[in-house]
Structure formats: structure tokens, C-alpha cells
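Visitor: Here's my sequence, what's the structure:
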Amino acid sequence: MENDDGGSNEQKSSGDAVEKLAKIYDSSSLRPPLSVAEIGRDVLGLHHIYGYDSSRKGNLHFIEDDRIIFVDGSTVVLEHIHDGSREFLLHVSECGAACVAVHPSKKYFAVGGRGYHPVISIYSYPDLKIRCVLRGGAELGYSCMDFSSDGEMLATVSTSPDFMLTIWDWKDEKMGLHSKAFGQDVWNVKFSKDDGKRLTTSGIGHIRFWKMASTFTGLKLQGHIGKFGKIDLSDVESFVELPDGKVLSGTEVGSLLLWEVTYVGFDRQEQAVITASSDGQIKWWDFTSIDTAEVDSDHSSAISIRILPSAPGSGPQDMKVVQVVNQAKNNHMAATDFEVVVQEDSSSRGSDFVIETKVFGAFHAGRIVGLDCSPVCNWIATCGVDGKVYVTNAESRLDPRGSSFAVGFGDGSMRILAIELDSNSTPFLARKAVIKPHNGSISCISFSPDESYVASAGRDGSVFFFKCKASNGEETISIEPIRFINVSGMAQAAPGSLVFCSQIDWSNSSSHVLLSCSDKVVREVDISELYELGFVDNKDALTFEITLPYRSITPIVDVIAGKNGVMKVYQAPQFSAEGKTDGPDGGSAETPQSPTKSFKVKDDSEPLKCITKVGSLLYSANRAERGYFGSLSLTSSQYLLCEINRDDTNKFKELNMGLYAPDGKEFRKVPEPREVAYSKSKRFVTVSLSDGTIQVQ
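Guide: Have a look, this model is predicted:
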């Protein structure tokens, strides 16, 4: 019931909320304590993030008329759509940010975290200060969130394993209603724009309609699963609630459109439904026709536009619109798998409907499979599964000495590209050489230390060696094929199966190469015979294949079987000082001790011989080639990082791996090493781990 007293109480409540929001949290106090040997933000700072993560559901929002906000990696990004300038916000949760939601007033936004018992931080805009912190809504992370139309409530859904839907009184930092959303991933949650007590969630194989109902025990969340009936069960990525309370959703099978629909939005001003789909088209549908449509009826859209790719050679079939965001002043945004596109309506709706398109934030779509930086300047080259090669400039002038690089492609071809400047000093990529040595996609490319030779490995099981030549005053680069070796033959792979090389490392003298192979065995090949071939014209040769001497490296470790299948290293023979590693100048550097390294062994305990699998291996730098750095696996979930003796590979020194709890007593994470690589100076070894962290040795 509304009366004058109720109005005054509402004003008082609003005033209290404003006073509470004046509180500012210190972000450093909200971050979890650093683990042993973990690099803090005061030491390592974020410089820039390239691209846009289009794989996240509902990851694009307007925070201003000309500024968007989204999550990229584990960081919140705010970007101006006109000049492309970006501002980055590192979240306070252990594993960074997971999702974001913008308040209707655009004065606040919420960021859901990832990690163990993550928090939700409410930031004020534009000062980016933390005003509220919400705790207890998730075990490991948040998947989606949404503010109510009046801005008083916040709905969040957590990720696996709990999948909980929570309604928050966010200004008072209080958890309200709480219910299990579904048994699988939930991608989207939205409040009704017309009724703050209704909301909808959707995700894998479901759509669910919720209402806050009054019961004998108080206000409760009641959810009803949508019944697909005769239609096949489908994942629902997006939906919209119409003014009359009906909900329109897209499905995998195209029940709304004749293709897979990935976003549905409602333009209330123009009374139209907006859809975007995987065929690269955005369409406006007449609301009345949709609202009164009969079952199995066929309707055509009133207006349709196609988003065309900006990259030369990319066809319309390559474009996939994954989200459309409505914004004031008749601007709409589409995020595609290739870049973010802004469509601006420059005229009124009707027959003269005109769309102006602007592309910004162009970068890779999907995984980046190759990355390298110039050894003499801050230029970075990347290649991805989308078939694109990007070169980015990290605030440095181009040095011609480090402007060429090799790229491997899925068709087995290898191209040598160079960064050059045109007459206007604008950089562009020039193709210097092309060769197709493999029948399968190229898995890795590696230059010799003096850059006179290059080796490429393909998923066809071969490793090809070339000689690099520069002619015409360094303007043209040629690569001459020498020979190739068959890795599958070395591994004696069964018919129909292939073993291929995933990483190549050259010895300092270029006489040997280490091949890290897909069967988790590293093979060291003596290639000195290649230099004796004299690089004659190989066109007359019957075959380029050659058999070279090699040895397989499979260290055997003495272990004791512990509880739950955990293997404990019984005795690891050391060939360097315990707890120390050689420094860059031949000295020693202290390293943190592993809290699980020492354990009690009974006198009658008999060690077991465990043949390890080797994931990635490099020659030890500054050690006269007397050892290797590499990752070993004892079981499918237990790994070691070791320095291995080259003369006796069963002798090794275990290095610390993983992050430990702040008290140093137990592991916090036990990740799998994916790749080991040296820095350009050879003073550091970097290890990429399966949990997304990078370790520096």
C-alpha cells in the first residue's frame, strides 16, 4: 500500500544506502595471501590485453554510450569503442574475474570472481572503487549475474559444483533467496524488466522460469523447468521476456529461426525482436507477428543485415555473431568470433533503414597456438586456429634485424614472413618464402641457435630440416630442404597410428636436437650427419628421408606407492647441490623447498621402478650441455619438474613445481606442465602449467 509515510521511509532507506555506498574497500586487503614463491602484483604488472573473448556467454555490456565492459582472461576490460583505448581492472579473487553485470544507472557494476570461495565486488563508476563485497554465493566461481530493473537486487548463478541461484540485497551486502538453479551449467540469468519478482535462467539442456512467491515460511524462489515437448531437448544460450510475460528463446535446432540462434533481444522502443545467429546475420522481427504466431507458422524478418568479415579472404561463412547488446541512441553491438562490430542506425526504421558498421578490437578468434617475440625489439607475432597471423607492437620501433619469422599452417605449409614498412612508414607483413614439407598440420617450428637452419615438425610424424639463406641484400629469404626424419618410425608406432613431435630444442653446437613427442617420450637425435651432405641439389634424390642415430629418454624413478595412488619419490640421486641451482654467473641461487619432498620411509619399504613419461624437455643452458630441463609424469595426475643428468638420465634433481599454501605445509595446486621454454637471455626457464599459471625458474 502506498502512502505518504511509506514514501518518506523509502527516501530514508535510499539515503542510508547512499551513505553505505560511500564506504571504500582496499583491494589489496581483499586479495588472498601469496603462495610460496608466487609473484605479487607489485612486482609483475599487466601491460595490455589484446582481443576479445567471444567464447564467454553474455560477456559484453555498455557502461557508457561509447564505452563497453567485458571480461578477458581473468581481467575486467573497459574499452572506448571510438578510439580503442582500454583500461584494465584486476579482480581480487584468487583466479581473477569470471563475469560482469552493469547496474541500470550505469553508476555501478558487479564482478564475479573465480577460485576457492570467490567474492563478488561491486565497483562504482567511473572512479572504479570497490563499494560492496558479497561473500558465500559460490564454491569455485560465478557463471552469470544480472541486476534487477530497479537496481535494488542482484541475481547470481555459480559454476560447478554447486550451480546455486542467489538473490542479493547488494547495498546491504546481504544474501537473500538461495536455490539450486540446475544440475548443469547455467549460462544466463535475467530479471524481468516489468516485474522485479520474476527472472529466468537458461543453459545446457534447459530454460527455467522463476518467481519469488510468498509462502507460509516466507518468501521463496520457485522455479519451473520449460518443457520442450515434441521438440528435441536443446541448449538455450539466450532469451527475452516480452511485455506480456511470454519468453522468447533461441535453441540449437532453430525453433525461432531456421538456424542456430545464439542471441535474442527485444527492442521495446521499436517493438521488434532482434536475433543474431551463427550464419553471421542480425535480424529485426515484428513483435506482433512473433507474439501472435501459431505453432509451425513461418514468418520472415522485416529487416536483415549480414556482418561481413574485415579480413581479406574470409568468407561470410566464417563469421558467427554470438551476442547483441542494445544501447541508447539506437546503437547496437555485435560481438563476433573475429572482432567486435558496432552498427549505428543513421536513419529511422523503415524502407530507408541504413546501417553503418565500425570494426574495432580485431584479434584472434579461439585459441592462440603460436607466439614469439623479436629478439631485438618489442614486436610480438601470434597465430591462431582462425588462420590469422597478427603482429603487435609493444611500444618499440621496428628493428630490421628481428623482423622475420616462420609460421606453420594446417595444410602442412610453412611461410617465412617479414615485417616491412611502406612508403608511409606503415608496417605490413610481406611473404618471403613458402614451402610445403608436411602432409599434416605443422605442430612446431624451431630455428638453430645461429639461425642458419630451421626444423619443422608435422602431425604426419615427420621432422624436416632446412637451410636458411638470405640474398639480394637481406631482402629475400630462401629455405632449402635438406632431409627429414620419421618420428613414427622411431617410435615403432602401430599401423594407422602416428607419433609426432610437439617441441624441438637445439643443442648449443647444433649437433643434436631434442624431440618432445606425442607418446610422452623424448628422443635425442644426432643430426651432425646432415652437415656432411654438402647441401647438394636434392631434386635428384629418390627420397628426402634419412635415418639418423638417436636415443630415447625415459627416466626411471624409484617410488613408493602411497595412499590414493600417490607416488612418492623414494630416492632421487642428485647431481647438483640440494636446494640450490646454478646462477647466471656460475654462482648459486636459493630456491624454496618443496613441503612434500621429505617423508619418513620404513626400513623394510621396497621402492618400485617407475618408468616416467616426459612431457617437454630442453637442453640445460650454461652447463656445457651436461643436462636437461624437463617435466616428468609419474601418473596421470602427478608430475615432476626436474633437471636430468645427460650421461645418466636416471639421475635427476627435482625442482619445485606448483603453488603452495602460504604456510608452506601443503600443496594448493598440483598442475600439469604443458611446455618448458627459456627466456631470450637463457637466464630463466618458464614453465606453462595446466591451471593457467606460469612458473619462472
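
Visitor: mind listing the strands for the stretch 351-500 of the chain?
Guide: 355-360, 368-373, 379-384, 389-393, 404-408, 414-421, 427-435, 442-447, 453-458, 462-471, 476-486 (DSSP state E, counting those that start in this stretch).

Visitor: Identify each buried residue in the fourth one, please.
Guide: Residues 389-391 are the ones in strand 389-393 that count as buried (16 or more other CB atoms under 10 Å). Any C-beta I mention is one placed from the backbone N, CA and C, and that applies to glycine too.

Visitor: re the thing from before, can you tell which of the strands of the stretch 351-500 of the chain is closest to residue 30?
Guide: strand 368-373 (30.7 Å; CB to CB).

Visitor: Which strands and helices lie in contact with the closest one?
Guide: Contacts defined by 3 or more CB pairs under 8 Å, 6 or more residues apart in numbering; DSSP states H and E place strand 368-373 against strand 379-384, strand 404-408.

Visitor: Let me know the average pLDDT across it.
Guide: Averaging pLDDT along strand 368-373 yields 86.

Visitor: Adjacent strands (with direction) for that strand?
Guide: strand 379-384 (antiparallel) (DSSP bridges).

Visitor: So in terms of bridging, what pairs with residue 154?
Guide: According to DSSP bridges, beta-bridge pairing links residue 154 with residue 147, residue 168.

Visitor: per-residue confidence for it?
Guide: pLDDT, residue 154: 96.

Visitor: number of nearby residues for it?
Guide: Counted with other CB atoms under 10 Å, residues neighbouring residue 154 total 27.

Visitor: hang on, it packs against residue 110?
Guide: Yes: if you go by CB atoms under 8 Å, residue 154 and residue 110 touch, sitting 5.9 Å apart.

Visitor: what touches both of those two?
Guide: With contacts defined as CB atoms under 8 Å, 6 or more residues apart in numbering, the residues adjacent to both residue 154 and residue 110 are 101, 120, 145, 147, 170.

Visitor: Touching, the first one and residue 121? I think so.
Guide: No: with contact defined as CB under 8 Å, residue 101 does not count as touching residue 121 (11.5 Å).

Visitor: neighbouring strands for the helix or strand residue 644 falls within, and are they parallel or not?
Guide: Element membership for residue 644 (DSSP states H and E) is strand 638-645. When pairing is defined by DSSP bridges, strand 638-645 lines up against strand 627-635 (antiparallel), strand 652-655 (antiparallel).

Visitor: Most tightly packed of the ones you listed?
Guide: Neighbour counts (mean count of other CB atoms under 10 Å) averaged over each of those peak at strand 627-635, with a mean of 22.

Visitor: Do me a favour and average the pLDDT over it.
Guide: On average, strand 627-635 scores 80.

Visitor: how about it as PDB, C-alpha atoms only?
Guide: C-alpha atoms of strand 627-635 as PDB (Å, rounded to 0.1, in the frame of the first residue of the first chain):
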ATOM      1  CA  GLY A 627      71.900 -32.000 -18.600                       C
ATOM      2  CA  TYR A 628      68.300 -31.300 -19.500                       C
ATOM      3  CA  PHE A 629      65.400 -29.400 -18.000                       C
ATOM      4  CA  GLY A 630      62.000 -31.200 -18.400                       C
ATOM      5  CA  SER A 631      58.700 -32.300 -16.900                       C
ATOM      6  CA  LEU A 632      58.100 -35.900 -15.900                       C
ATOM      7  CA  SER A 633      54.800 -37.600 -15.100                       C
ATOM      8  CA  LEU A 634      54.600 -40.400 -12.600                       C
ATOM      9  CA  THR A 635      50.900 -40.900 -13.000                       C
END
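
Visitor: Would you mind pulling the contact partners of it?
Guide: 514, 520, 522, 553, 555, 557, 559, 565-567, 575, 610, 612-620, 639-646, 649, 652, 657, 672-673, 676, 685, 687, 697.

Visitor: from these, which ones fall inside strands?
Guide: 514, 522, 553, 557, 559, 567, 610, 613-619, 639-645, 652, 673, 676, 685, 687 (DSSP state E).

Visitor: For the residue lying closest to residue 521 once chain neighbours are set aside, give its distance to residue 499.
Guide: Excluding the flanking residues, the one nearest residue 521 by CB to CB, 6 or more residues apart in numbering is residue 552, at 5.4 Å. Applying CB to CB, to the nearest Å, the value for residue 552 to residue 499 is 11 Å.

Visitor: residues shared between the contacts of the two?
Guide: residue 490.

Visitor: quick one: which of those two has more around it?
Guide: residue 499 (22 against 15).

Visitor: My understanding was that that one contacts residue 463; is that so?
Guide: No: judged on CB under 8 Å, residue 499 makes no contact with residue 463 at a distance of 11.2 Å.

Visitor: Can you tell me who the closest residue to residue 485 other than its chain neighbours pairs with across the strands?
Guide: Excluding the flanking residues, the one nearest residue 485 by CB to CB, 6+ apart is residue 463, at 5.2 Å. Counting by DSSP bridges, residue 463 is bridged to residue 457, residue 485.

Visitor: and residue 463, what pLDDT?
Guide: For residue 463, pLDDT reads 94.

Visitor: count of residues packed around it?
Guide: The local packing of residue 463 (other CB under 10 Å) involves 29 other residues.

Visitor: Contacts only, for it.
Guide: By CB under 8 Å, 6+ apart, the contact list for residue 463 reads 455-457, 484-485, 487, 501, 504, 513, 515.

Visitor: Next one: it from residue 519, what distance?
Guide: On the measure of CB to CB, residue 463 and residue 519 end up 14 Å apart.

Visitor: any idea which element residue 193 lies in?
Guide: Going by DSSP H and E, residue 193 is not part of any helix or strand.

Visitor: Backbone dihedrals for it, please?
Guide: phi -80, psi -20 (degrees, to the nearest 10).

Visitor: do the one 10 residues further on as well
Guide: When quoted as degrees, to the nearest 10, the phi and psi of residue 203 stand at phi 180, psi -140.

Visitor: nearest residue to it other than its sequence neighbours?
Guide: Closest to residue 203 by CB to CB, 6+ apart is residue 186, at 4.0 Å.

Visitor: which ones are touching the one you found?
Guide: 143-144, 157, 163, 165, 201-204.

Visitor: same deal with residue 403?
Guide: Counted by CB under 8 Å, 6+ apart, residue 403 has contacts 374, 379, 418-420.

Visitor: Same question for residue 382.
Guide: 364, 368, 370-371, 389-392.

Visitor: Now do the residue nearest to residue 521 against residue 27, distance only.
Guide: Distance, residue 552 to residue 27, using CB to CB: 51 Å.

Visitor: Spatially nearest residue to the spatially most central residue of the chain (excluding sequence neighbours)?
Guide: Residue closest to the average C-alpha location in the chain (CA atoms, centre = their mean): residue 73, at 5.7 Å. Excluding the flanking residues, the one nearest residue 73 by CB to CB, 6+ apart is residue 49, at 6.4 Å.
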